[in-house]
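*Asks:* Need a 3D model of the following:
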Amino acid sequence: MNEATIAAPAAAPAAPAGPAGPVRPGRPLTVTMVTRRDPAEIGGVERVVVGLVRELARTRPDWRVDTVSAFRAGSRIEGMDGLSDVIAGFRLGWRLRGSTADVIFVHCPECLWGIRLLRWTLPRWTLPRWRRGAAAPLVAVWHCAGPVPYLVLRRPGHPLTRVLAWLRTAGERLATSADGHVAVHGQVEACLRSQYGLRAPVTVIENALDTAIADQLARPADGPVPNRLTALWVGQTGYRKGLDVAMAAVAQARADLPGLRLRVAGVPAGKPADGVEWLGIVPPDGMAEVYRDADLFLFPTRYESFGLVVIEAMAAGLPVIVSDVVNAGIVTDGRNGVVISGHQPSDYAGALRRLASPAARVVIAEASTEDARRFRVDVFGARYAAVAESFAAIQ
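*Replies:* You can find the predicted model right below:
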């Protein structure tokens, strides 16, 4: 099995055990987190999983928390849209076929079919005696749901768009039969129910900032550079996250703000453009510095199930300019940022002009930092622990 265990810091304090207590005397709980890509990747799902594993290791030091992924960091197969879904399903099924975990959280529900398929082919005698009665429960963790996130991966009319959306949603429909469900936001739960008719209980657990990056973001940034305004965009899928809108907005605003520049992180470098600096794919441990070097966060995303990069930017004290598809409860227009309806570059250019003054940004920046604190990793970890304990207790 392609497993990795992320250990807790040696000096981390232990938290009391959950209400469900030990599943079996003398044997600690074993939990597996399943992802498409290696958790060392920059993606939001992977960063959420890394933070979750660290928090569980801190608060449940007697547990074993493993990660299993379908693809290694930098895998070319992962970039093969459509084909990668099928390969990921079979790979994860194969790597989990002999799992002795008490609970398995699947952070890529579209691949859950493969895990179930290959577990059925495993002879019962190869499992521990206590596991022969039933396989470990599979909990689908929904970071998004429905066809929209796949339909906006590329510009409308791209031949692969609808094929990929159909393939992903077919996998998601199969995942609705999982033993349990976690959604990262109430909007995702609502989509599960409206798109797939899901009637099973869903636990909504909002993502939180990993303490490792939160501590780095809390360090003071350098003061503003005179006659310069740096906007930051972070993402892995340019069109879905509105990179084209951000670049067009900066190009328009530069007519009045010649010192304005846009830094782009998370995607390979594109064509040279005035005022645009391509940072490429930045490793997770380098993101705090990227946030601290910016003056504001520009994110005209076309789809967002939660918005991890938004709360990271807020935690760094950045005013944020986002589209209104960012879910309610994260950005409040006029308090910690600017929320814009639609994707007209001129609207975002206007927001950039309004926030060009350091004095205009400082009040919003203070609110951003304060509001980001509510995404507490201790609450986040405790809720996942409660889900794990509740399923393990009935095995």
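
*Asks:* can you dump the C-alpha coordinates of stretch 52-66 into PDB?
*Replies:* The C-alpha atoms that make up stretch 52-66 are tabulated as PDB, following Å, rounded to 0.1, in the frame of the first residue of the first chain:
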ATOM      1  CA  LEU A  52      -6.200  17.700   9.300                       C
ATOM      2  CA  VAL A  53      -3.700  14.900   9.800                       C
ATOM      3  CA  ARG A  54      -1.400  17.200  11.800                       C
ATOM      4  CA  GLU A  55      -4.300  18.300  14.000                       C
ATOM      5  CA  LEU A  56      -5.500  14.700  14.600                       C
ATOM      6  CA  ALA A  57      -2.000  13.700  15.500                       C
ATOM      7  CA  ARG A  58      -1.800  16.500  18.000                       C
ATOM      8  CA  THR A  59      -5.100  15.900  19.700                       C
ATOM      9  CA  ARG A  60      -5.300  12.100  19.200                       C
ATOM     10  CA  PRO A  61      -1.700  11.000  19.600                       C
ATOM     11  CA  ASP A  62      -2.600   7.300  20.200                       C
ATOM     12  CA  TRP A  63      -4.400   7.200  16.800                       C
ATOM     13  CA  ARG A  64      -2.700   6.100  13.600                       C
ATOM     14  CA  VAL A  65      -3.600   8.500  10.800                       C
ATOM     15  CA  ASP A  66      -2.400   7.500   7.300                       C
END
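
*Asks:* buried sites along it?
*Replies:* In terms of neighbour count (16 or more other CB atoms under 10 Å), stretch 52-66 has its buried residues at 52-60, 63-66. In this view, the C-beta of every residue, glycine as well, is placed from N, C-alpha and C.

*Asks:* What about the residues you listed, which are in helices?
*Replies:* In helices, judged by DSSP state H, the following of these are found: 52-59.

*Asks:* Could I get those residues in a markdown table, plus columns for distance to residue 93 and pLDDT?
*Replies:* Formatted as a markdown table, those follow (distance: CB to CB, whole Å; pLDDT from 0 to 100):
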| residue | distance to residue 93 | pLDDT |
| --- | --- | --- |
| 52 | 23 | 94 |
| 53 | 22 | 94 |
| 54 | 27 | 92 |
| 55 | 28 | 94 |
| 56 | 24 | 95 |
| 57 | 26 | 93 |
| 58 | 31 | 93 |
| 59 | 30 | 95 |
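
*Asks:* just those residues now: which is nearest residue 320?
*Replies:* residue 52 (23.9 Å; CB to CB).

*Asks:* contacting residues for the residue nearest to the closest one when sequence neighbours are not counted?
*Replies:* Counting by CB to CB, 6 or more residues apart in numbering, residue 384 is the residue found nearest to residue 52 once chain neighbours are left out, at 6.0 Å. Residue 384 sits next to 52, 56, 105, 182, 205 when contact means CB atoms under 8 Å, 6 or more residues apart in numbering.

*Asks:* Helices along the stretch 1-150 of the chain, start to end?
*Replies:* Assigned by DSSP state H, counting those that start in this stretch, the helices in the stretch 1-150 of the chain fall at 44-59, 83-95, 112-120, 148-151.

*Asks:* who does the first one touch, helix- and strand-wise?
*Replies:* Contacts of helix 44-59 with other secondary structure elements, assessed using 3 or more CB pairs under 8 Å, 6 or more residues apart in numbering; DSSP states H and E, are made with strand 30-37, strand 64-71, helix 211-217, helix 308-315, helix 377-393.

*Asks:* again, but for the second one
*Replies:* Packed against helix 83-95 by the contact rule (3+ CB pairs under 8 Å, 6+ apart) you find strand 30-37, strand 64-71, helix 112-120, helix 159-175.

*Asks:* Residue 290 is nearest to which of these?
*Replies:* Closest approach to residue 290 among these is made by strand 30-37 (20.0 Å; CB to CB).

*Asks:* For the closest residue to residue 46 other than its chain neighbours, give me the pLDDT.
*Replies:* Once flanking residues are discounted, residue 46 sits nearest to residue 39: 4.8 Å by CB to CB, 6+ apart. As summarised for this prediction, residue 39 has a pLDDT of 76.

*Asks:* Could you do residue 337 as well?
*Replies:* 93.

*Asks:* Name the nearest residue to it, sequence neighbours excluded.
*Replies:* The nearest residue in space to residue 337 (CB to CB, 6+ apart) is residue 320, at 3.7 Å.

*Asks:* wait, what's in contact with that neighbour?
*Replies:* By CB under 8 Å, 6+ apart, residue 320 lies in contact with 296-297, 299, 310, 313-314, 331, 336-338, 368.

*Asks:* among those, which are in strands?
*Replies:* Those of these mapping onto strands are 296-297, 299, 337-338, per DSSP state E.
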